[in-house]
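Q: please work out how this folds:
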Amino acid sequence: MDRETEARVRPTSPGGGAAGRRVPAAARFYLPDLVYGSNDGVITTFAVVCGVVGAQLPARIILILGFANLVADGFSMGASNFLARRSYAEATDRADRPTAAKHGVATLVGFLSAGMIPLAAYLAPIPDDVQFLAAVALTAGTLFAVGASRSLVTRLGWFRSGAEMLAVGAAAAAVAYAIGAVAAALTG
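A: Okay, here's the model as predicted:
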């Protein structure tokens, strides 16, 4: 791990965040990538769900667009993280070039894992009229849990970390829902 990454993820305060917790080095090393991928995966996939629901389109469109977004955007996120880390390593002549691919994979895994959560409500054998509410609940729980996991390696408490990520996700969902509703109204 380079010194910059190590300084970002190493607990520094005996009284806050990760202090006193034993977090495996690999978890500390890849947690930023996993959180970044998970956050973006759950938010962008849920934004698709909200946009489709706001436009009052059939639920099958949620699955079509949701899976297309999940795979394409997940691959893009992982590849972008890989290219960014490799470029940085090459520009600074660092020896950690080989880890760039591992960071890209961690981002992709986080994206795909968390991004599946909003779609799970539309794959589950539950009544159609509760699928969106189930997607909201699953997504909110996932956002909070991923956000709270940041407290393993930061000074922030788990509740604040979870609430921050939940607030960002809720704002993105509201925007996507509104855009879907407006676009549907404009296009008839």
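Q: just give the nearest non-adjacent residue to residue 183, would you?
A: residue 55 (6.0 Å; C-beta to C-beta, 6 or more residues apart in numbering). Placement of C-beta: from N, CA and C, glycine included.
Q: if I pick that neighbour, what's in contact with it?
A: Residue 55 makes contact with 180, 181, 183, 184 under the criterion C-beta atoms under 8 Å, 6 or more residues apart in numbering.
Q: does residue 181 touch residue 54 like I think?
A: Yes: counting by C-beta atoms under 8 Å, residue 54 is a contact partner of residue 181 at 4.0 Å.
Q: these two: which is more packed in?
A: residue 54 (21 against 16; other C-beta atoms under 10 Å).
Q: and for the nearest residue to the more buried one once chain neighbours are set aside, the neighbour number?
A: Take residue 54 and drop its neighbours on the chain: the residue closest to it by C-beta to C-beta, 6+ apart is residue 180, 2.9 Å away. Residues near residue 180, counting by other C-beta under 10 Å, number 21.
Q: residues contacting residue 180?
A: Contacts of residue 180 (C-beta under 8 Å, 6+ apart): 50, 51, 52, 53, 54, 55.
Q: at 10 Å instead, please
A: 47, 48, 49, 50, 51, 52, 53, 54, 55, 56, 57 (C-beta atoms under 10 Å, 6 or more residues apart in numbering).
Q: now intersect those with the strands, please.
A: Judged by DSSP state E, strands contain none of the contacts of residue 180.
Q: out of those residues, give me the one that has the most neighbours.
A: residue 49 (29 neighbours).
Q: isn't residue 161 up against residue 167?
A: No: the pair residue 161 and residue 167 does not pass the contact test of C-beta atoms under 10 Å, sitting 11.1 Å apart.
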